[in-house]
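Colleague: take this sequence and fold it.
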Amino acid sequence: MAYRPFGRDSWRDPWALYRFLREEDPLHRSPSGVWVLSRFADVLGASLDTATFSSARGLTFTNEKELLELAPTVVMMDPPDHTRYRRLVNRGFAPRRVADLEPELRRQVRTLVAELSAAGEGDLATGIARRVPAWLVATYLGVPDTDRHRFDGWTEALVQANAGGAPAAGLADLYAYFVELIDRRRTEPGPDLVSDLLAAEEAGAVIGVEGILGYAFVLVAGGNDTTTGLLTGAAELLTAHPDQRRRLLDDRALLPGAVEELLRLTSPVQGLCRVVTRPVELHGRTLAPGDRVLLCYGAANRDRREFGEDAETLDVARPVRRLLAFSSGPHFCLGAAAARLTGRVVLDELLAACPDFWVEADRGTFADGPFTRRYDHLPIHAG
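Modeller: From the prediction side, this is the model:
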(Lines give C-alpha, C1' and ligand atoms only; values in the text may rest on other atoms or scores of the structure.)
Protein backbone atom coordinates (compact mmCIF):
# COMPACT_ATOMS: atom_id res chain seq x y z
CA MET A 1 0.00 0.00 0.00
CA ALA A 2 1.23 3.49 -0.80
CA TYR A 3 0.23 6.96 0.34
CA ARG A 4 -1.28 9.11 -2.38
CA PRO A 5 -2.93 12.44 -1.62
CA PHE A 6 -6.58 12.05 -0.68
CA GLY A 7 -9.35 14.07 -2.28
CA ARG A 8 -13.06 14.27 -2.95
CA ASP A 9 -13.29 10.69 -4.22
CA SER A 10 -11.08 9.02 -1.60
CA TRP A 11 -11.72 10.75 1.74
CA ARG A 12 -14.49 8.34 2.72
CA ASP A 13 -12.09 5.81 4.20
CA PRO A 14 -8.44 6.77 4.71
CA TRP A 15 -8.33 4.67 7.90
CA ALA A 16 -7.21 1.35 6.38
CA LEU A 17 -4.16 2.96 4.78
CA TYR A 18 -3.35 4.79 8.01
CA ARG A 19 -3.55 1.52 9.94
CA PHE A 20 -1.15 -0.16 7.51
CA LEU A 21 1.31 2.74 7.70
CA ARG A 22 1.32 2.83 11.50
CA GLU A 23 1.90 -0.89 11.85
CA GLU A 24 4.02 -1.76 8.82
CA ASP A 25 5.70 1.35 7.43
CA PRO A 26 5.87 4.17 10.03
CA LEU A 27 8.31 6.20 7.93
CA HIS A 28 6.79 5.74 4.50
CA ARG A 29 8.22 7.01 1.21
CA SER A 30 5.29 7.90 -1.02
CA PRO A 31 5.45 7.53 -4.83
CA SER A 32 5.82 11.31 -5.10
CA GLY A 33 8.87 11.29 -2.82
CA VAL A 34 7.14 12.84 0.20
CA TRP A 35 7.80 10.96 3.43
CA VAL A 36 4.84 10.15 5.72
CA LEU A 37 4.96 9.89 9.53
CA SER A 38 1.94 8.10 10.99
CA ARG A 39 2.68 7.11 14.61
CA PHE A 40 1.66 9.44 17.43
CA ALA A 41 5.07 9.70 19.09
CA ASP A 42 6.82 10.44 15.78
CA VAL A 43 4.33 13.07 14.67
CA LEU A 44 4.33 14.72 18.09
CA GLY A 45 8.13 14.77 18.18
CA ALA A 46 8.35 16.36 14.75
CA SER A 47 5.70 18.94 15.66
CA LEU A 48 7.72 20.00 18.69
CA ASP A 49 11.08 20.10 16.86
CA THR A 50 10.62 23.12 14.61
CA ALA A 51 14.37 23.52 14.16
CA THR A 52 14.54 20.16 12.39
CA PHE A 53 11.07 19.98 10.85
CA SER A 54 10.64 23.47 9.40
CA SER A 55 7.46 25.24 8.28
CA ALA A 56 9.34 28.00 6.48
CA ARG A 57 9.16 26.29 3.07
CA GLY A 58 5.43 25.67 3.15
CA LEU A 59 3.02 23.20 4.72
CA THR A 60 1.77 21.44 1.59
CA PHE A 61 3.38 19.23 -1.05
CA THR A 62 4.95 22.28 -2.68
CA ASN A 63 6.18 25.65 -1.45
CA GLU A 64 2.84 27.49 -1.37
CA LYS A 65 4.53 30.78 -0.53
CA GLU A 66 5.85 30.82 -4.09
CA LEU A 67 2.56 29.58 -5.54
CA LEU A 68 0.37 32.17 -3.79
CA GLU A 69 2.94 34.94 -4.30
CA LEU A 70 2.29 36.32 -0.83
CA ALA A 71 4.46 37.33 2.08
CA PRO A 72 4.96 34.45 4.56
CA THR A 73 2.01 33.97 6.89
CA VAL A 74 2.45 33.11 10.57
CA VAL A 75 1.88 29.39 9.90
CA MET A 76 4.77 29.38 7.42
CA MET A 77 7.34 30.73 9.85
CA ASP A 78 9.64 29.13 12.37
CA PRO A 79 10.65 30.61 15.73
CA PRO A 80 11.69 33.29 16.51
CA ASP A 81 9.73 35.03 13.71
CA HIS A 82 6.73 32.80 14.34
CA THR A 83 6.82 33.59 18.07
CA ARG A 84 6.89 37.32 17.46
CA TYR A 85 4.01 37.30 14.95
CA ARG A 86 1.90 34.93 17.00
CA ARG A 87 2.29 37.05 20.15
CA LEU A 88 0.51 39.91 18.37
CA VAL A 89 -2.77 37.97 18.25
CA ASN A 90 -2.53 35.43 21.09
CA ARG A 91 -4.70 37.44 23.45
CA GLY A 92 -7.67 37.50 21.07
CA PHE A 93 -7.71 33.69 20.92
CA ALA A 94 -7.24 33.01 24.62
CA PRO A 95 -9.94 30.77 26.14
CA ARG A 96 -11.37 33.63 28.23
CA ARG A 97 -11.78 35.90 25.22
CA VAL A 98 -13.30 33.04 23.21
CA ALA A 99 -15.74 32.28 26.03
CA ASP A 100 -17.17 35.80 25.68
CA LEU A 101 -18.45 34.79 22.25
CA GLU A 102 -20.56 31.91 23.55
CA PRO A 103 -23.88 33.75 24.20
CA GLU A 104 -24.10 35.17 20.67
CA LEU A 105 -22.69 32.00 19.12
CA ARG A 106 -25.33 29.95 20.91
CA ARG A 107 -28.08 32.26 19.64
CA GLN A 108 -26.82 31.86 16.09
CA VAL A 109 -26.65 28.07 16.41
CA ARG A 110 -30.05 27.79 18.09
CA THR A 111 -31.66 29.65 15.18
CA LEU A 112 -30.07 27.34 12.59
CA VAL A 113 -30.96 24.18 14.53
CA ALA A 114 -34.56 25.41 14.93
CA GLU A 115 -34.75 25.79 11.14
CA LEU A 116 -33.55 22.21 10.72
CA SER A 117 -36.01 20.94 13.31
CA ALA A 118 -38.92 22.74 11.64
CA ALA A 119 -37.99 21.46 8.17
CA GLY A 120 -37.39 17.91 9.41
CA GLU A 121 -34.35 17.46 7.17
CA GLY A 122 -31.67 19.42 5.43
CA ASP A 123 -27.98 19.57 4.59
CA LEU A 124 -25.81 19.69 7.71
CA ALA A 125 -22.77 20.97 5.83
CA THR A 126 -24.40 23.93 4.09
CA GLY A 127 -27.11 24.61 6.67
CA ILE A 128 -25.07 24.61 9.88
CA ALA A 129 -21.53 23.26 9.68
CA ARG A 130 -20.28 25.90 7.22
CA ARG A 131 -22.39 28.81 8.40
CA VAL A 132 -21.42 28.68 12.07
CA PRO A 133 -17.61 28.81 11.67
CA ALA A 134 -17.99 31.40 8.91
CA TRP A 135 -19.92 33.60 11.35
CA LEU A 136 -17.21 33.13 13.98
CA VAL A 137 -14.30 33.89 11.64
CA ALA A 138 -16.12 36.90 10.21
CA THR A 139 -16.72 38.17 13.74
CA TYR A 140 -13.01 37.89 14.53
CA LEU A 141 -12.09 39.75 11.35
CA GLY A 142 -14.78 42.41 11.62
CA VAL A 143 -16.49 41.47 8.35
CA PRO A 144 -20.02 42.95 8.21
CA ASP A 145 -23.00 40.58 8.13
CA THR A 146 -23.82 41.63 4.56
CA ASP A 147 -20.49 40.31 3.26
CA ARG A 148 -20.27 37.00 5.11
CA HIS A 149 -21.79 34.97 2.28
CA ARG A 150 -18.51 35.41 0.41
CA PHE A 151 -16.59 33.14 2.80
CA ASP A 152 -17.42 29.92 0.94
CA GLY A 153 -15.80 31.14 -2.25
CA TRP A 154 -12.74 32.42 -0.43
CA THR A 155 -12.27 29.17 1.46
CA GLU A 156 -12.56 27.11 -1.74
CA ALA A 157 -10.04 29.35 -3.50
CA LEU A 158 -7.47 28.87 -0.73
CA VAL A 159 -8.07 25.12 -0.62
CA GLN A 160 -7.57 24.83 -4.39
CA ALA A 161 -4.39 26.90 -4.28
CA ASN A 162 -2.97 24.87 -1.39
CA ALA A 163 -3.81 21.67 -3.25
CA GLY A 164 -1.36 22.74 -5.92
CA GLY A 165 -3.69 24.38 -8.40
CA ALA A 166 -3.22 27.77 -9.93
CA PRO A 167 -4.29 30.73 -7.75
CA ALA A 168 -8.00 31.17 -8.36
CA ALA A 169 -10.01 34.31 -9.03
CA GLY A 170 -11.46 33.92 -5.54
CA LEU A 171 -8.05 34.72 -4.07
CA ALA A 172 -7.95 38.02 -5.92
CA ASP A 173 -11.40 38.81 -4.56
CA LEU A 174 -10.29 37.92 -1.03
CA TYR A 175 -7.16 40.04 -1.37
CA ALA A 176 -9.04 43.06 -2.70
CA TYR A 177 -11.76 42.79 -0.06
CA PHE A 178 -9.36 42.76 2.89
CA VAL A 179 -7.19 45.54 1.48
CA GLU A 180 -10.36 47.66 1.48
CA LEU A 181 -11.35 46.45 4.97
CA ILE A 182 -7.89 47.32 6.33
CA ASP A 183 -8.18 50.84 4.92
CA ARG A 184 -11.62 51.20 6.51
CA ARG A 185 -10.41 50.01 9.91
CA ARG A 186 -7.64 52.62 9.94
CA THR A 187 -10.31 55.27 10.44
CA GLU A 188 -13.14 53.13 11.82
CA PRO A 189 -11.55 50.67 14.27
CA GLY A 190 -13.68 48.00 15.91
CA PRO A 191 -13.40 45.06 18.32
CA ASP A 192 -11.76 42.79 15.75
CA LEU A 193 -8.43 41.28 14.79
CA VAL A 194 -7.73 43.68 11.90
CA SER A 195 -8.17 46.67 14.22
CA ASP A 196 -5.95 45.04 16.87
CA LEU A 197 -3.18 44.49 14.31
CA LEU A 198 -3.43 48.07 13.07
CA ALA A 199 -3.17 49.31 16.65
CA ALA A 200 -0.09 47.10 17.17
CA GLU A 201 1.41 48.56 14.00
CA GLU A 202 0.85 52.09 15.29
CA ALA A 203 2.55 51.07 18.53
CA GLY A 204 5.67 50.07 16.59
CA ALA A 205 5.11 46.49 15.43
CA VAL A 206 6.31 45.84 11.87
CA ILE A 207 3.38 44.11 10.17
CA GLY A 208 2.28 45.94 7.02
CA VAL A 209 -0.72 45.30 4.81
CA GLU A 210 0.73 42.02 3.55
CA GLY A 211 1.23 40.81 7.11
CA ILE A 212 -2.36 41.66 8.10
CA LEU A 213 -3.60 39.95 4.93
CA GLY A 214 -1.62 36.88 5.98
CA TYR A 215 -3.49 36.69 9.27
CA ALA A 216 -6.80 37.06 7.44
CA PHE A 217 -5.90 34.28 5.00
CA VAL A 218 -4.92 31.96 7.85
CA LEU A 219 -8.22 32.55 9.63
CA VAL A 220 -10.35 32.09 6.52
CA ALA A 221 -8.58 28.90 5.44
CA GLY A 222 -7.90 27.47 8.88
CA GLY A 223 -11.06 28.47 10.71
CA ASN A 224 -13.80 27.61 8.24
CA ASP A 225 -13.28 24.25 6.61
CA THR A 226 -11.59 22.67 9.64
CA THR A 227 -14.54 23.33 11.96
CA THR A 228 -16.88 22.16 9.21
CA GLY A 229 -14.89 18.92 9.21
CA LEU A 230 -15.32 18.54 12.97
CA LEU A 231 -19.08 19.17 12.92
CA THR A 232 -19.91 16.94 9.97
CA GLY A 233 -17.53 14.21 11.10
CA ALA A 234 -18.97 14.30 14.63
CA ALA A 235 -22.51 13.91 13.30
CA GLU A 236 -21.37 10.95 11.19
CA LEU A 237 -19.80 9.26 14.23
CA LEU A 238 -22.77 9.87 16.54
CA THR A 239 -25.09 8.45 13.89
CA ALA A 240 -22.92 5.35 13.55
CA HIS A 241 -22.67 4.93 17.34
CA PRO A 242 -26.14 5.51 18.82
CA ASP A 243 -24.99 4.11 22.18
CA GLN A 244 -22.47 6.94 22.49
CA ARG A 245 -25.07 9.51 21.47
CA ARG A 246 -27.33 8.12 24.23
CA ARG A 247 -24.56 8.64 26.78
CA LEU A 248 -24.40 12.31 25.80
CA LEU A 249 -28.17 12.65 25.98
CA ASP A 250 -28.19 11.11 29.44
CA ASP A 251 -25.23 13.12 30.73
CA ARG A 252 -24.61 16.42 28.99
CA ALA A 253 -21.60 17.01 31.29
CA LEU A 254 -19.71 14.56 29.06
CA LEU A 255 -19.82 17.01 26.13
CA PRO A 256 -16.51 18.85 26.65
CA GLY A 257 -14.60 15.58 26.85
CA ALA A 258 -16.63 14.13 24.00
CA VAL A 259 -15.52 17.03 21.80
CA GLU A 260 -11.90 16.02 22.45
CA GLU A 261 -12.69 12.43 21.46
CA LEU A 262 -14.52 13.59 18.34
CA LEU A 263 -11.63 15.88 17.43
CA ARG A 264 -9.29 12.93 17.84
CA LEU A 265 -11.26 10.64 15.55
CA THR A 266 -12.25 13.23 12.94
CA SER A 267 -8.89 15.09 12.84
CA PRO A 268 -10.25 17.68 10.39
CA VAL A 269 -6.72 18.60 9.33
CA GLN A 270 -5.49 15.14 8.43
CA GLY A 271 -1.92 16.25 7.94
CA LEU A 272 0.48 19.04 7.04
CA CYS A 273 4.00 19.01 5.71
CA ARG A 274 7.35 20.10 7.08
CA VAL A 275 10.78 20.28 5.43
CA VAL A 276 13.76 18.62 7.11
CA THR A 277 16.75 20.86 7.88
CA ARG A 278 19.32 18.22 8.99
CA PRO A 279 19.82 14.45 8.64
CA VAL A 280 17.37 12.47 10.79
CA GLU A 281 17.61 8.73 11.53
CA LEU A 282 14.18 7.18 12.10
CA HIS A 283 12.88 3.61 11.80
CA GLY A 284 16.06 2.46 10.07
CA ARG A 285 15.94 5.17 7.41
CA THR A 286 17.54 8.56 6.95
CA LEU A 287 15.74 11.78 6.17
CA ALA A 288 17.98 14.23 4.33
CA PRO A 289 17.93 18.04 4.47
CA GLY A 290 15.31 19.29 2.03
CA ASP A 291 13.10 16.21 2.31
CA ARG A 292 9.41 17.01 2.67
CA VAL A 293 7.59 15.08 5.41
CA LEU A 294 3.85 14.77 5.91
CA LEU A 295 2.91 14.78 9.59
CA CYS A 296 -0.21 12.62 9.36
CA TYR A 297 -2.33 13.76 12.30
CA GLY A 298 -5.29 11.66 11.16
CA ALA A 299 -3.25 8.47 11.46
CA ALA A 300 -1.45 9.48 14.66
CA ASN A 301 -4.69 10.29 16.46
CA ARG A 302 -5.79 6.66 16.05
CA ASP A 303 -2.55 5.09 17.22
CA ARG A 304 -3.14 2.27 19.72
CA ARG A 305 0.26 2.97 21.28
CA GLU A 306 -1.14 6.26 22.58
CA PHE A 307 -4.86 5.60 22.96
CA GLY A 308 -5.12 1.85 23.62
CA GLU A 309 -6.28 -1.13 21.62
CA ASP A 310 -9.70 0.47 21.01
CA ALA A 311 -8.13 3.64 19.60
CA GLU A 312 -10.26 3.53 16.45
CA THR A 313 -13.54 3.25 18.38
CA LEU A 314 -15.63 6.19 19.62
CA ASP A 315 -15.82 6.48 23.41
CA VAL A 316 -17.28 9.82 24.51
CA ALA A 317 -16.02 9.26 28.05
CA ARG A 318 -12.44 8.46 27.01
CA PRO A 319 -9.92 10.60 28.94
CA VAL A 320 -7.96 12.14 26.07
CA ARG A 321 -4.75 13.33 27.68
CA ARG A 322 -3.27 14.77 24.50
CA LEU A 323 -4.08 14.76 20.81
CA LEU A 324 -2.83 16.14 17.52
CA ALA A 325 -5.99 17.56 15.98
CA PHE A 326 -4.49 21.04 16.49
CA SER A 327 -0.87 19.96 15.98
CA SER A 328 1.38 20.69 18.96
CA GLY A 329 4.25 22.89 20.09
CA PRO A 330 4.86 26.35 18.61
CA HIS A 331 2.37 25.71 15.79
CA PHE A 332 -0.47 24.63 18.06
CA CYS A 333 -3.60 25.97 16.37
CA LEU A 334 -4.52 29.53 17.36
CA GLY A 335 -8.20 28.76 16.93
CA ALA A 336 -8.29 25.64 19.11
CA ALA A 337 -10.42 27.22 21.85
CA ALA A 338 -12.86 28.61 19.27
CA ALA A 339 -13.16 25.23 17.53
CA ARG A 340 -13.79 23.46 20.83
CA LEU A 341 -16.43 26.02 21.78
CA THR A 342 -18.15 25.68 18.41
CA GLY A 343 -18.18 21.89 18.61
CA ARG A 344 -19.61 21.89 22.12
CA VAL A 345 -22.31 24.47 21.42
CA VAL A 346 -23.46 22.95 18.12
CA LEU A 347 -23.66 19.43 19.54
CA ASP A 348 -25.42 20.67 22.68
CA GLU A 349 -28.08 22.52 20.71
CA LEU A 350 -28.47 19.75 18.14
CA LEU A 351 -28.95 17.09 20.82
CA ALA A 352 -31.40 19.30 22.72
CA ALA A 353 -33.62 20.14 19.74
CA CYS A 354 -33.14 16.99 17.63
CA PRO A 355 -32.11 14.16 19.98
CA ASP A 356 -32.79 11.54 17.31
CA PHE A 357 -31.01 13.29 14.43
CA TRP A 358 -29.16 11.12 11.92
CA VAL A 359 -27.07 11.75 8.84
CA GLU A 360 -26.79 9.80 5.60
CA ALA A 361 -23.04 9.43 5.32
CA ASP A 362 -23.28 7.21 2.25
CA ARG A 363 -25.07 10.02 0.39
CA GLY A 364 -22.68 12.68 1.62
CA THR A 365 -19.95 14.11 -0.59
CA PHE A 366 -16.54 15.35 0.44
CA ALA A 367 -14.84 18.61 -0.37
CA ASP A 368 -11.72 18.37 -2.49
CA GLY A 369 -8.22 19.00 -1.17
CA PRO A 370 -5.52 16.70 0.23
CA PHE A 371 -5.23 17.98 3.80
CA THR A 372 -8.67 18.72 5.29
CA ARG A 373 -11.31 16.00 5.51
CA ARG A 374 -14.76 17.58 5.54
CA TYR A 375 -18.13 16.91 4.03
CA ASP A 376 -19.21 19.34 1.35
CA HIS A 377 -22.78 18.01 1.55
CA LEU A 378 -24.25 15.75 4.22
CA PRO A 379 -27.99 14.98 4.36
CA ILE A 380 -29.36 15.21 7.90
CA HIS A 381 -32.74 14.23 9.34
CA ALA A 382 -34.04 15.83 12.52
CA GLY A 383 -35.35 12.48 13.77
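
Colleague: going forward, measure contacts between C-alpha atoms and count neighbours the same way
Modeller: Will do.

Colleague: tell me where the stretch 1-150 of the chain has strands.
Modeller: For the stretch 1-150 of the chain, the strands defined by DSSP state E, counting those that start in this stretch occupy 27-29, 35-37, 53-54, 121-123.

Colleague: CSV for those, including distance to residue 257?
Modeller: Shown next, in CSV, are the strands of the stretch 1-150 of the chain (distance: least, Cα to Cα, whole Å):
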stretch, distance to residue 257
strand 27-29, 31
strand 35-37, 27
strand 53-54, 31
strand 121-123, 26
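
Colleague: mind putting those strands into TSV with mean pLDDT?
Modeller: Converted to TSV, the strands of the stretch 1-150 of the chain look like this (pLDDT from 0 to 100):
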stretch	mean pLDDT
strand 27-29	98
strand 35-37	98
strand 53-54	96
strand 121-123	98
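
Colleague: chain neighbours aside, what residue packs nearest to the residue nearest the centre of the chain?
Modeller: The centre of the chain sits closest to residue 226, judged by Cα atoms, centre = their mean, with a distance of 3.1 Å. Of all residues not flanking residue 226 in the chain, residue 268 sits nearest, at 5.2 Å (Cα to Cα, 6 or more residues apart in numbering).

Colleague: ditto for residue 194
Modeller: In space, and not counting its chain neighbours, residue 194 is closest to residue 141: 5.9 Å by Cα to Cα, 6+ apart.

Colleague: how many neighbours does that neighbour have?
Modeller: By other Cα atoms under 10 Å, 22 other residues sit near residue 141.

Colleague: what does the one 10 residues further on give?
Modeller: A count of neighbours around residue 151, defined by other Cα under 10 Å, yields 22.

Colleague: ditto for residue 297
Modeller: Residue neighbour count, defined by other Cα under 10 Å, stands at 31 for residue 297.

Colleague: quick check: phi and psi on it?
Modeller: In terms of degrees, to the nearest 10, the main-chain angles of residue 297 are phi -60, psi -40.

Colleague: shouldn't it be in contact with residue 266?
Modeller: No. In this structure, residue 297 is not within contact of residue 266 by Cα atoms under 8 Å, at 10.0 Å.

Colleague: which stretches of the stretch 1-150 of the chain have low pLDDT?
Modeller: Scanning the stretch 1-150 of the chain for pLDDT under 70 picks out 63-72.

Colleague: let's see that with 80 instead.
Modeller: Within the stretch 1-150 of the chain, the stretches with pLDDT under 80 are 62-77, 81-82, 84-85, 87-92, 94, 145, 148-150.

Colleague: got the contact list for residue 13?
Modeller: If you count contacts by Cα atoms under 8 Å, 6 or more residues apart in numbering, residue 13 has none.

Colleague: touching, the residue nearest to residue 194 and residue 190? I think so.
Modeller: No. If you go by Cα under 8 Å, residue 141 and residue 190 don't touch, sitting 9.6 Å apart.

Colleague: residue contacts, residue 239?
Modeller: For residue 239, the contact set (Cα under 8 Å, 6+ apart) comprises 245, 357, 358, 359.

Colleague: so how far is residue 127 from residue 266?
Modeller: 20 Å (Cα to Cα, to the nearest Å).

Colleague: so for these two, which sits in the more crowded spot?
Modeller: residue 266 (25 against 18).

Colleague: list the contacts for the more buried one?
Modeller: Residue 266 sits next to 229, 230, 233, 234, 298, 373 when contact means Cα under 8 Å, 6+ apart.

Colleague: before we move on, what about residue 75?
Modeller: When contacts are counted by Cα under 8 Å, 6+ apart, residue 75 touches 55, 82, 218, 331.

Colleague: neighbours around the last one, how many?
Modeller: As a burial measure, the neighbour count of residue 331 was computed by other Cα under 10 Å and equals 21.

Colleague: which non-adjacent residue is nearest it?
Modeller: Closest residue to residue 331 apart from its sequence neighbours, by Cα to Cα, 6+ apart: residue 75 at 7.0 Å.

Colleague: any idea how far residue 60 is from that neighbour?
Modeller: Separation of residue 75 from residue 60 (Cα to Cα): 11 Å.

Colleague: do residue 191 as well
Modeller: Applying Cα to Cα to residue 191 and residue 60 gives a distance of 33 Å.

Colleague: do the same with residue 283
Modeller: When distance is defined by Cα to Cα, residue 283 is 23 Å away from residue 60.
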